[in-house]
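Enquirer: When you get a sec, could you give me coordinates for this:
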Amino acid sequence: MDNDGLPAPSEGLLVTHFLTVRDVARSRRFYSEVIGGRVVLAENPCIVRLANSWIIMNPGGGPTPDKPEVTLVPPDDPHTVSAFINLRVADIEACYAQWSAKGAEFLTPPIDRRAEIRCYLRDPDGYLIEVGQATGMLEGIFARTDKDSG
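Expert: Next up is the predicted model:
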């Protein structure tokens, strides 16, 4: 892959994440200026390189020949989520402080969940983003299961 960081593998595959957004410029600023990604393509579609992956963003729209009967829309209800972005970081406290200072609004501060420390924030369109730092899982300590609690 080359082409100035475009997600275009010369062999095999790579994973990108597509987001339907209300305002491409606003989302581009969030993923580049707040989260620290690098803008690879400004629009049509907007592509931001984020660590070892890419976020691809475009406005919503109706069906196209390659996806008949499919309409793309940004999230409607912030309390119902079927998928989210999961970012893994080396130092969650530093990340939380840095991104908060740049305007990120987290649902809670980082919380120790035994296997990891994690917290969540939303992007400008309401997409949920988990930010986690592996802690206990590195030592074989994982999240509690139902059988662990009783």
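
Enquirer: Let me see the contact set for Ile117.
Expert: Ile92, Pro110, Ile111, Gly132, Gln133, Thr135 (Cβ atoms under 8 Å, 6 or more residues apart in numbering). (Each C-beta comes from the backbone N, C-alpha and C, glycine too.)

Enquirer: contacting residues around the closest residue in space to Arg26 that isn't next to it in sequence?
Expert: Residue nearest to Arg26 in three dimensions, not counting chain neighbours: Pro124, with 4.9 Å by Cβ to Cβ, 6 or more residues apart in numbering. Neighbouring residues of Pro124 by Cβ under 8 Å, 6+ apart: Val21, Arg22, Asp23, Arg26, Ser27, Phe30.

Enquirer: ok, 6 Å please
Expert: Arg26, Ser27, Phe30 (Cβ atoms under 6 Å, 6 or more residues apart in numbering).

Enquirer: OK, contacts around the last one?
Expert: Same thing as Phe30. Asp123, Pro124.

Enquirer: In three-state terms, label it for me.
Expert: Of the three states, Phe30 takes helix under DSSP: H, G, I helix; E, B strand; the rest coil.

Enquirer: Tell me the first helix or strand C-terminal of the helix of greatest length in the chain.
Expert: Counting residues, the longest helix found in the chain (DSSP state H) is helix 92-101. For helix 92-101, the following helix or strand on the C-terminal side (DSSP states H and E) is strand 111-112.

Enquirer: next helix or strand past that next one?
Expert: Downstream of strand 111-112, the next assigned helix or strand under DSSP H and E is strand 116-122.
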